[in-house]
Structures are given as C-alpha cells and as structure tokens.
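S.K.: sharing a model that was predicted from the sequence below.
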Amino acid sequence: MSGPAARVVVGVDGSESALNAVLWAARECLRQDGVLRLVFAFHLPDWGLPELDGTVAEVRASLRRHAADCLAEAAEVARTVSAEVPVEQRVREQGAAAALIEESGRARLLVVGSRGLGGFAGLLLGSTALALSTHARSPVVVVRGCVPEHGRVVVGADGSLPGEQAIGFAFAAAARRGAPVVAVLAWADAVLDQDPMPADWTGLAEEHHALLGQRLADWTERYPEVRVQRLVVRDRPVRALLRAAADAQLLVVGARGLGGFAGLLLGSTSRSLLLHAPCPTVVLRPAEPG
C-alpha cells in the first residue's frame, strides 16, 4: 500500500522520546506495509532578532541544518527496524501543533513522544495537547519511555462512539501482534461513591459484565483468533486503565467517553493517563462526518 492512507507520521525533534516514537512507528509501518513520514517543525520567533534579512536568513538556515540532522538520525533509527520501510522526511516552518494537525489529515496515524525538545517541547501539556486530541484527523499515538514488543493490548470500553472505535483499533492491533486484548470497563465514579443510598454492587457488576460482552461481540466474531479478557471493575477509569496496562504493549482509548470514561482526555485526567501510562497510548476521536 502507498499514498496518504498508508502514512504513519512522527513528530521529530532530536529528543530521545521522539526517537522512541520513531522506533514504534517504524515497527507499525512494517506490520501494516506503511510509509513512515518524519516531520520536523520549527517556528522563527517574531521577537528578539535584529531586523536584518541576513541575520534572519542565517537563523533559518541554522534551524534547517539542525532539522536535517535530527531527521537523518531518526531515519537511521527507523532503518534499525527494517531497511524495507519507506521513509519520507519533511521540514515544516510552522508551529508544532499546527504542523502535526495538518499532517494528520493525510495520515493513518500520528505518533509523538511524551517529552520533547525544541519545537515539540511540552507537546502533551496545556493547549497543544488539547489541540492534538481535539483536532487531529487521525488516531494519535503517544510513546512514553521504551517501546515494548510483547504484552497485551488494553482498551477502554465505555459504549461511546470513540470507545467503539477504540475497541476496533485494539482488536486489529492485537491481531497484527498476535497479542491478547484486555477490555476494561470501569463502572464506579464520584457520583456513585457519594450516593447515600446503599448500592447493589453485585447487580451493577453483572449488568456491566453483560454490557461489555455486548460491546465486544461483533469484534470477537470478526477476530476469532484474538484472545480476550473482560475486566469489569468498580474503580476510577484512569486508575483501572493504568493498572491493566502495567504489562501491556499498547493502551487504546477514545477521546470522548460516556459514563465512567466521560471527559477521559480533558484536564487532569488526560494528563494523568498520558503522563503515566507505562506503554504507548493510542487516542481515537470521533470520525469526521461525511
């Protein structure tokens, strides 16, 4: 396969975190016969430079040389996975978030490290994180630390449309990896915990087990070779997912949720998951209409 639909785009900035993201993305390209697109973005400051064309041109040339060096290093990392993976390199004179969001419109996946340097510093903090999770037109993969090659694929299942997309992504990823899926449904939240009326926890647990089975039914039929573990817990969603992902190679969640996963990727909940997940984390948002 070739063309935009096969591209896996990676934000590159010379940091170790970004190189780990390249490693993960190159392996994914190898699994899916994809094209690896390495993107370095930089933005010239509009303050602090003398108003001399020559000086501005020198700064731009220096930044472009640095970008070329970082891209070359990233391409070498990709080649350690396989020389067969096609690699594209792109320098964009643009803000990091804007560049990556634009690239995501022509990509199968957008992959970033959880820590960065230069243009990608703080990529997953504050407004830039919100911009990516809200506006990226492809699934976003956040790679923290080392890149595991083995382990289960954990997915948050909450009944929302992004949650359904996350389940589908998780099953497809597990099938390619020969890995099992752990589907997590966390069904307790602050409202239930503070309710003065006694709760029938056993009955609620049985209901949620049945609901999870319904949500997984089509996917288990489509991927009969994938082993599935259903994990229904009375716990906060982020805590339940982090525990389940302790020995995982991939964590998959939807960008918007219902019930226990409502607002999963907003505010402090989002930062907790993305900053503490022990494995690469995939964020899927609702597909664009039309």
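M.R.: Yep, it's here. Because the structure is predicted, anything quoted here is derived from the model rather than measured.
S.K.: find the residue at the geometric middle of the protein.
M.R.: Against the mean C-alpha coordinate of the chain, by CA atoms, centre = their mean, the closest residue is residue 141 at 2.0 Å.
S.K.: tell me the pLDDT at it?
M.R.: With respect to pLDDT, residue 141 scores 90.
S.K.: buried stuff in stretch 223-237?
M.R.: 223, 226, 228, 230-237 (16 or more other CB atoms under 10 Å). The C-beta positions use only the backbone N, C-alpha and C, and glycine is treated the same way.
S.K.: from those, which land in strands?
M.R.: Within the buried residues of stretch 223-237, residues falling in strands by DSSP state E are 228, 230-233.
S.K.: what is the nearest of the residues you listed to residue 31?
M.R.: The closest of those to residue 31 turns out to be residue 228 (CB to CB; 20.1 Å).
S.K.: look up the closest residue to that closest one, ignoring the ones flanking it.
M.R.: Nearest non-adjacent residue to residue 228, counting by CB to CB, 6 or more residues apart in numbering: residue 181, 5.0 Å away.
S.K.: before we move on, the earlier item: pLDDT and distance to residue 108 added to the ones in strands among the buried residues of stretch 223-237, as TSV?
M.R.: As requested, those are exported to TSV (pLDDT from 0 to 100; distance: CB to CB, whole Å):
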residue	pLDDT	distance to residue 108
228	97	24
230	94	28
231	93	28
232	91	31
233	89	32
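S.K.: can you lay out these as JSON lines showing distance to residue 168?
M.R.: JSON lines is the format used below for those (distance: CB to CB, whole Å):
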{"residue": "228", "distance to residue 168": "13"}
{"residue": "230", "distance to residue 168": "16"}
{"residue": "231", "distance to residue 168": "18"}
{"residue": "232", "distance to residue 168": "20"}
{"residue": "233", "distance to residue 168": "22"}
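S.K.: about what we covered before: spit out the contact partners of the residue lying closest to the residue nearest to the centre of the chain once chain neighbours are set aside.
M.R.: Distances taken as CB to CB, 6+ apart place residue 111 nearest to residue 141, at 4.4 Å, with adjacent residues excluded. Applying CB atoms under 8 Å, 6 or more residues apart in numbering to residue 111 gives the contacts 8-11, 21-22, 24-25, 28, 140-141, 143.
S.K.: about what we covered before: bridged to the residue nearest to the centre of the chain, which residues?
M.R.: Counting by DSSP bridges, residue 141 is bridged to residue 111, residue 282.
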